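**Q** A predicted structure for the sequence below; I have some questions about it.
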Amino acid sequence: METRESKELTRWSFAFTDSDGPVGLELPNQWLWDIIDEFIYQFQSFCNYRNRLRTKSEEEIALLRDNIQVDKHLCGTIQIIFTL
């Protein structure tokens, strides 16, 4: 059974995934600030996690070092932040 909230979430997810270009939405400034703030917070938290080597096992360090996709995502994240 779908709730009202799940229907709204489905509607919002289609708005972003079914679009070929920018989505014409107007959001309150506070929402925009909160979204950007959380995005940067999550990025900073991951960077802090990745740089705390003393608390990680050798296996975890090797996984972070060898995973090329992590570096690609980090570069993409930095580019997104600079475009804001």
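**A** Yep, it's here.
**Q** now the biggest helix by length in the chain: mean pLDDT?
**A** Ordering each helix of the chain by length in residues (DSSP state H) puts helix 29-51 first. Across helix 29-51, the average pLDDT comes to 86.
**Q** and that helix, what does it pack against?
**A** helix 68-83 (3 or more CB pairs under 8 Å, 6 or more residues apart in numbering; DSSP states H and E). Using the backbone N, CA and C atoms, a C-beta is placed for each residue, glycine as well.
**Q** packing partners for the helix it packs on?
**A** So helix 68-83, by 3+ CB pairs under 8 Å, 6+ apart, packs with helix 29-51.
**Q** now the angle from the helix or strand just after the longest helix of the chain to helix 68-83?
**A** Along the chain past helix 29-51, the next helix or strand (assigned with DSSP states H and E) turns out to be helix 58-66. Relative orientation of helix 58-66 versus helix 68-83 (axes from the mean of the first three to the mean of the last three CA atoms, to 10 degrees): 60 degrees.
**Q** between helix 58-66 and helix 29-51, how big is the angle?
**A** Going by the same axes, to 10 degrees, helix 58-66 makes 120 degrees with helix 29-51.
**Q** list the buried ones in the longest helix of the chain?
**A** Applying a neighbour-count criterion of 16 or more other CB atoms under 10 Å, one finds Phe43 buried in helix 29-51.
**Q** restricting to C-alpha, output it in PDB.
**A** Output of helix 29-51 as PDB, limited to C-alpha atoms (Å, rounded to 0.1, in the frame of the first residue of the first chain):
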ATOM      1  CA  ASN A  29      16.600  29.600  -0.200                       C
ATOM      2  CA  GLN A  30      16.800  27.800   3.200                       C
ATOM      3  CA  TRP A  31      16.300  24.400   1.400                       C
ATOM      4  CA  LEU A  32      19.000  25.300  -1.100                       C
ATOM      5  CA  TRP A  33      21.400  26.300   1.700                       C
ATOM      6  CA  ASP A  34      20.600  23.100   3.700                       C
ATOM      7  CA  ILE A  35      21.200  20.900   0.600                       C
ATOM      8  CA  ILE A  36      24.500  22.500  -0.200                       C
ATOM      9  CA  ASP A  37      25.600  22.500   3.500                       C
ATOM     10  CA  GLU A  38      24.800  18.800   3.900                       C
ATOM     11  CA  PHE A  39      26.600  18.000   0.600                       C
ATOM     12  CA  ILE A  40      29.700  19.700   1.800                       C
ATOM     13  CA  TYR A  41      29.400  18.200   5.300                       C
ATOM     14  CA  GLN A  42      29.200  14.600   3.900                       C
ATOM     15  CA  PHE A  43      32.200  15.300   1.600                       C
ATOM     16  CA  GLN A  44      34.200  16.700   4.500                       C
ATOM     17  CA  SER A  45      33.200  13.700   6.800                       C
ATOM     18  CA  PHE A  46      34.400  11.200   4.100                       C
ATOM     19  CA  CYS A  47      37.700  13.100   3.700                       C
ATOM     20  CA  ASN A  48      38.200  13.100   7.400                       C
ATOM     21  CA  TYR A  49      37.400   9.300   7.600                       C
ATOM     22  CA  ARG A  50      39.800   8.600   4.700                       C
ATOM     23  CA  ASN A  51      42.700  10.500   6.300                       C
END
